[in-house]
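1. pasted the sequence and its predicted model underneath.
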Amino acid sequence: MKAPRFSYVRAESLDQVLDLLAEHGEDARILAGGQSLMPTLNMRLSHPILLIDINRLDALAGISLDDGEVRIGALARHAELLRSPIVAEHLPLIAEAMPHVAHAAIRNRGTFGGSIALADPAAELPACAVALDASFVLASGNGLRRVAARSFFKGLFETERADEEILIEARIPALRPGYRSSFMELARRHGDFALAGVCCHARCDDGALSDASLAYFGSDDRPRLARAASEAAGGGPWSDDVKARTVEALGDDLDPIGNFHASAATRLHLAKVLTGRALDRLVAQNQG
Amino acid sequence: MDEFIDITTRINGETVTRRVEARQHLVDFLRLELGLTGSHLGCEHGVCGACTLRVDGVIVRGCLMLAAQADGAEVWTIEGVSDSGEIADLQEAFIDRNALQCGYCTPGMLLTAQEMLAQGHRMSRAEIREFLSGNYCRCTGYHAIVDAVETVMERRFGG
């Protein structure tokens, strides 16, 4: 189908974006990579009055290491994350996730900020951000505020971002010594949305996990931090027993939404299977 | 803010200046305004890959980019890369291996395959399939397409 009529502005500065957002609120949509917004327009699932194209705002681009945090600009393309030596060294969880994000042509356009701001519960990057305890920086006419990923995602495609705000960057703690990560996803076709997926981040000493963060996508209405399972994973040297308790605890953490791709019970089962495999692999890694 | 936008863009090496409707996507612009009908529309929501174009050196979904966003961009379509001879060996391999039947997906397949080949090294069949996973073909079952890409890889980078 063809998109409905709308107006379009090619923004030349962040101030211009903030002014337009303040004026138009929810009638405006920010156009970054467009890989999710454009399909909803073409299918007439959304009817904005104004699209604000931010692709020329170079200040929102780039990936850098800054005082123990990796800064990922909202406009950083998926393909940049996939190739970034900074991401590979300091955010191995995201480096491992990126090949699963869509397909080459979509990764060339799609942006990090777009994926976070959309908050699709089946997407990889929001769950990675939750596992890694990232923060997001939101800008509005009132200035900047920093929101923890763990409180940013509010529900199905719902976030803490207000209509007059724009997400400008993420700040993600760089991998600390002793910590490791592991990512696993099941999808029907490579690059499709997940039927189940897990992002694991934990300290590992002599085969025992501690300070574990397990985050799930393709399950609930938002990326979900599994607190009970994360706690259980640290209950002694990694073993079949600890694994069984971790997987069991997951039933208290997740409340999967079933649909025609997979029922709720199937999704929970798959999340459990992936958790066991992902943590086995994390413990077996030679170094963090 | 306007429902019509003036753009100047480079299409297959030629400068084009037009006034476009804000809501028009890039493939409709190419097909309807410029008569470049080699880029196909299958699903028109980013799933099938038939609309694949090369914009500023990388492949994109042509249905997920507005014509207005092509302002200042360098766009190459299947017509351009065919005429330049850049993918002549790939096209020949597709014909040799019968890597198409109806041909609807072929322009997108060729542009995607050429981006894969531009990485400059050989890949396993599994890696080729993964790279092509964003392009649907409903005729061939993909086997012959993978064969054709693999053949060109061997020829370009040594067997």
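-> Arrived safely.

2. show me which residues of the stretch 51-200 of chain A are close to chain B?
-> Applying the criterion CB under 8 Å from any CB of the partner chain, the portion of the stretch 51-200 of chain A that neighbours chain B consists of A:51, A:53, A:55, A:79, A:99, A:102-106, A:108-109, A:189-191. Yep, even glycine has a C-beta here, placed from its N, CA and C like the rest.

3. list the buried ones in stretch A:35-54?
-> By neighbour count, with 16 or more other CB atoms under 10 Å in any protein chain shown as the criterion, the buried positions of stretch A:35-54 are A:35-42, A:48, A:50-54.

4. oh, I was asking about stretch A:99-106
-> Burial within stretch A:99-106, assessed by neighbour count using 16+ other CB under 10 Å, is assigned to A:99, A:100, A:101, A:102, A:103, A:104, A:105, A:106.

5. ok, back up a step: list just the nearest of the residues of the stretch 51-200 of chain A next to chain B to chain B.
-> In terms of CB to the nearest CB, no member of these lies closer to chain B than residue A:103, at 2.5 Å.

6. mind listing what that closest one touches?
-> For residue A:103, the contacting residues are A:191, B:49, B:133, B:134, B:135, by CB atoms under 8 Å, 6 or more residues apart in numbering or on different chains.

7. what do you get if the cut-off is 6 Å, keeping everything else the same?
-> Residue A:103 makes contacts with A:191, B:133, B:134, as judged by CB atoms under 6 Å, 6 or more residues apart in numbering or on different chains.

8. out of these, who's the most crowded?
-> Of all those, residue B:134 has the most neighbours under the rule other CB atoms under 10 Å in any protein chain shown, reaching 25 neighbours.

9. all strands of the stretch 1-150 of chain A, in order?
-> All strands of the stretch 1-150 of chain A, identified by DSSP state E, counting those that start in this stretch, fall at A:7-10, A:28-31, A:50-53, A:63-66, A:69-73, A:135-140, A:143-148.

10. can the first one be said to contact chain B?
-> Yes - where contact is defined by CB under 6 Å from any CB of the partner chain, part of strand A:7-10 touches chain B, namely A:7, A:8, A:9.

11. let me know the closest of these to residue A:26.
-> Minimum separation from residue A:26 among these (CB to CB) is found for residue A:7, which lies at 15.0 Å.

12. and the closest residue in space to the closest one that isn't next to it in sequence, what does it touch?
-> Excluding the flanking residues, the one nearest residue A:7 by CB to CB, 6 or more residues apart in numbering or on different chains is residue B:1, at 4.2 Å. For residue B:1, the contact set (CB under 6 Å, 6+ apart) comprises A:7, A:9, A:50.

13. burial check on residue 73, number of neighbours?
-> Chain wasn't specified; assuming chain A. Using other CB under 10 Å, residue A:73 has 22 other residues around it.

14. actually it's chain B I care about, not the one you picked
-> The local packing count at residue B:73 equals 17, with neighbours defined by other CB under 10 Å.

15. check the one 4 residues further on too.
-> Neighbouring residues of residue B:77 were enumerated by other CB under 10 Å; the total is 25.

16. picking up where we left off before, adding mean pLDDT, write the strands of the stretch 1-150 of chain A out as JSON lines.
-> Compiled in JSON lines, those are given as follows (pLDDT from 0 to 100):
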{"stretch": "strand A:7-10", "mean pLDDT": "98"}
{"stretch": "strand A:28-31", "mean pLDDT": "98"}
{"stretch": "strand A:50-53", "mean pLDDT": "98"}
{"stretch": "strand A:63-66", "mean pLDDT": "97"}
{"stretch": "strand A:69-73", "mean pLDDT": "98"}
{"stretch": "strand A:135-140", "mean pLDDT": "98"}
{"stretch": "strand A:143-148", "mean pLDDT": "98"}
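
17. rebuild those strands as a markdown table, extending it with distance to residue B:139.
-> As requested, the strands of the stretch 1-150 of chain A are arranged in a markdown table below (distance: least, CB to CB, whole Å):
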| stretch | distance to residue B:139 |
| --- | --- |
| strand A:7-10 | 37 |
| strand A:28-31 | 35 |
| strand A:50-53 | 36 |
| strand A:63-66 | 40 |
| strand A:69-73 | 40 |
| strand A:135-140 | 44 |
| strand A:143-148 | 48 |
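
18. secondary structure class for residue A:259?
-> Taken by DSSP: H, G, I helix; E, B strand; the rest coil, the conformation at residue A:259 corresponds to coil.

19. so what's it up against?
-> By CB under 6 Å, 6+ apart, the contact list for residue A:259 is empty.

20. show me what contacts whichever residue of chain B sits closest to chain A?
-> With CB to the nearest CB as the measure, the residue in chain B that lies nearest chain A is residue B:134; the distance is 2.5 Å. With contacts taken as CB under 6 Å, 6+ apart, residue B:134 has the following neighbours: A:103, A:105, B:49.

21. residue B:60 is in contact with the second one, correct?
-> Translated: residue A:105. Yes - with contact defined as CB atoms under 6 Å, residue A:105 and residue B:60 form a contacting pair (5.5 Å).

22. quick one on the thing from earlier: and the contacts of residue B:134, which of them are in helices?
-> Of the contacts of residue B:134, the ones assigned to helices by DSSP state H are residue A:105.

23. so where do the helices sit in chain B?
-> Counting by DSSP H, chain B forms helices over residues B:26-28, B:78-83, B:88-96, B:106-117, B:125-131, B:143-157, given from the N-terminal end onward.

24. what about the first one, near chain A?
-> Read it as helix B:26-28. No - counting by CB under 6 Å from any CB, chain A has no neighbours in helix B:26-28; the shortest distance is 7.4 Å.

25. contacts for that helix?
-> Helix B:26-28 is contacted from outside by B:39, B:41, B:51, B:62, B:63, B:65, B:67, B:70, using CB under 6 Å, 6+ apart.

26. most neighbours, which of those residues?
-> That'd be residue B:62 among the contacts of helix B:26-28, by other CB under 10 Å, with 32 neighbours.

27. doesn't residue B:49 make contact with that one?
-> No - contact between residue B:62 and residue B:49 fails when scored by CB under 6 Å: they sit 9.8 Å apart.

28. not counting residues beside it along the chain, what's closest to residue 12?
-> Just so you know, I chose chain A. Sequence neighbours aside, residue A:56 is the residue nearest to residue A:12 in space, at 6.6 Å (criterion: CB to CB, 6+ apart).

29. correction: the question concerned chain B.
-> Leaving aside its sequence neighbours, residue B:12 sits nearest to residue B:80 (CB to CB, 6+ apart; 3.1 Å).

30. tally of neighbours for that neighbour?
-> Using other CB under 10 Å, residue B:80 has 19 other residues around it.

31. do the one 3 residues further on as well
-> A count of neighbours around residue B:83, defined by other CB under 10 Å, yields 11.

32. what sits against it?
-> Listed by CB under 6 Å, 6+ apart, the contact set of residue B:83 is empty.
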